[in-house]
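1. No sequence on hand, only this structure:
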Ligand code: HEM
């Protein structure tokens, strides 16, 4: 037995980070977005399910009304972006923890970010371009309202 073998175990060699430490920023993002998401998600649930007639008021016109206001566009847009990036980054962590095969890990993590990107793009398009009067016909409840626009 050599003196070296009796020494305290040393931490495994970790490469010195030069530049941005993405893992650190990912760790910080999960906590900061988590705090903001508590406000956004519970605000969203409170306004949609408890204020006024609560859930009974939720229909197409209710959603149309919300998306006619920049406040709710920003609220829902933030919720969409923060939650999807948070969820995707969380799934990336789980994949890194459990998938041992390097190629499978790479494929899964790429698929996670692709899915998040597609959902973010589609969701943002809905929030930004939503027009309740598109395709409304005379038998629709929104017909009158859309005529005056
Ligand atoms: C209510 C607001 C939320 C809070 C406060 C919150 C908080 C957190 C925190 C602090 C972590 C890191 C845990 C760790 O590193 O050990 C985490 C992980 C995670 N979050 Fe959230 N989160 C929220 C909403 C969401 C939403 C809406 C989603 C899905 C879209 C989500 C999906 C995940 C996933 C998949 C992980 C990874 C779990 C793991 O590492 O084991 N979270 N969350």
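-> Perfect, thanks for sending it. Worth saying up front: this structure is predicted, and the values here are computed from it rather than measured. Residues are numbered from 1 along each chain as shown.
2. So what's the predicted local confidence for residue 25?
-> pLDDT for residue 25: 96.
3. For the ligand, see how far away it is.
-> Residue 25 is 13 Å from the ligand, where distance means Cβ to the nearest ligand atom, to the nearest Å. (Each C-beta comes from the backbone N, C-alpha and C, glycine too.)
4. Equivalent analysis for residue 92, please.
-> Counting by Cβ to the nearest ligand atom, the gap from residue 92 to the ligand is 8 Å.
5. dump the residue contacts of that residue.
-> For residue 92, the contacting residues are 26, 109, 112-113, by Cβ atoms under 8 Å, 6 or more residues apart in numbering.
6. cutoff 6 Å now
-> Residue 92 sits next to 109, 112 when contact means Cβ atoms under 6 Å, 6 or more residues apart in numbering.
7. Please identify which residue in this protein comes closest to the ligand.
-> residue 90 (2.3 Å; Cβ to the nearest ligand atom).
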